[in-house]
Structures are given as structure tokens and as C-alpha cells.
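J.: From the sequence below, what's the structure:
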Amino acid sequence: MVLKARLPLVVLVDDSEEDNLFHSFVIEQYGLAEELHVELTGERALSYLASRGTTTEATKPTLILLDINMPGISGWEFLERYHALDARHRAQAVVVMLTTSTDPHDRARAEALELRFFSKPLTAAAIDQVVQDLLPQFWDG
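T.: I've put the predicted structure just below:
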């Protein structure tokens, strides 16, 4: 772990409160984010992201960690709606799938969309890989 700077905002979207607690701890121990925002549903995460785009001074997310299997809208449906948002709401955040799914179709779908796909739980090694490969402006390695 060698960061130049913390990511301004990381958004964690997962319906599991236990996973969110653990992943929040890992993110904090790593020193990854200035701010971490957690949502339990894709709908609430989309509302949160839309609200961030309504003011110019609002910090836009740099990284979104997204579960696939959630009640309401799935991670895939979230992605469809997220990409349909106005560009000022999306802010070109890097989206990473963080899931317990073992379905090879999910992995293939993520790869087809050029998304990283990690199995839970989140680890420091996975964070290293994401920052080094997808957010090199924050990596000082």
C-alpha cells in the first residue's frame, strides 16, 4: 500500500450490514478514503449520487464498490441506471463489483463491461490492485 493521497469519496453499495461494517473497517485501516458513504440498496445509492451532482462543490465519488445480488435492483440494474444518469452525477467514478457471486456468467459479464470483479471480503491486496491499475493518479508505488 503506497498512496499519494486518499480518494476523496468512496461509495459502498451492499445490502449486507455485516459486510458493510467489515469493508468499512478495511477501507479505514487502509487509509483509502477521505469520505466513505454506505448505502444498503441500489435505489438509495442512485438517489445519493444524483444529489451529489446538484451542486458544483459536492465531492464526486472516485470509487464505487458494488454488490451484485441485492433486493430491489441488482448491481447490474444499478449499473444500467447509473450510466443513464447525467454525466455530472456520474463523475466518471471507477466501479468495482464486490460480491459473493460464484456465477461464471457474472464474472464474464463484468469482464465484458471492463469492470473489475472481486469476491468478498474486500482485502488490502484487492484495494492495491484497484488503485494501482484503475486509479494510478492516487498510487505512489
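J.: got the buried residues for the longest helix seen in the chain?
T.: Identified as the longest helix of the chain according to DSSP state H is helix 17-30. Within helix 17-30, the residues that count as buried by 16 or more other CB atoms under 10 Å are 19-20, 23-24, 27, 30. Where you see a C-beta, it was placed from the backbone N, CA and C, and this is true even at glycine.
J.: which one among these gets closest to T99?
T.: For those, the closest approach to T99 (CB to CB) belongs to D19, at 9.8 Å.
J.: Touching, that closest one and S119? I think so.
T.: No. Taking contacts as CB atoms under 8 Å, D19 lies outside contact range of S119: 11.7 Å.
J.: Using TSV, lay out the buried residues of helix 17-30 together with pLDDT and distance to W76.
T.: Formatted as TSV, these follow (pLDDT from 0 to 100; distance: CB to CB, whole Å):
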residue	pLDDT	distance to W76
D19	97	18
N20	97	20
H23	98	20
S24	98	24
I27	97	23
Y30	96	27
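J.: which among the residues you listed gets closest to N69?
T.: Using CB to CB, the buried residues of helix 17-30 come closest to N69 at D19, 11.5 Å.
J.: ok now do that closest one, which residues does it touch?
T.: Contact analysis of D19 by CB atoms under 8 Å, 6 or more residues apart in numbering lists 67, 120-121.
J.: which of the residues in the host helix or strand of D133 are buried?
T.: Taking DSSP states H and E as the criterion, D133 maps to helix 124-134. Across helix 124-134, burial judged by 16+ other CB under 10 Å covers 126-128, 130-131, 134.
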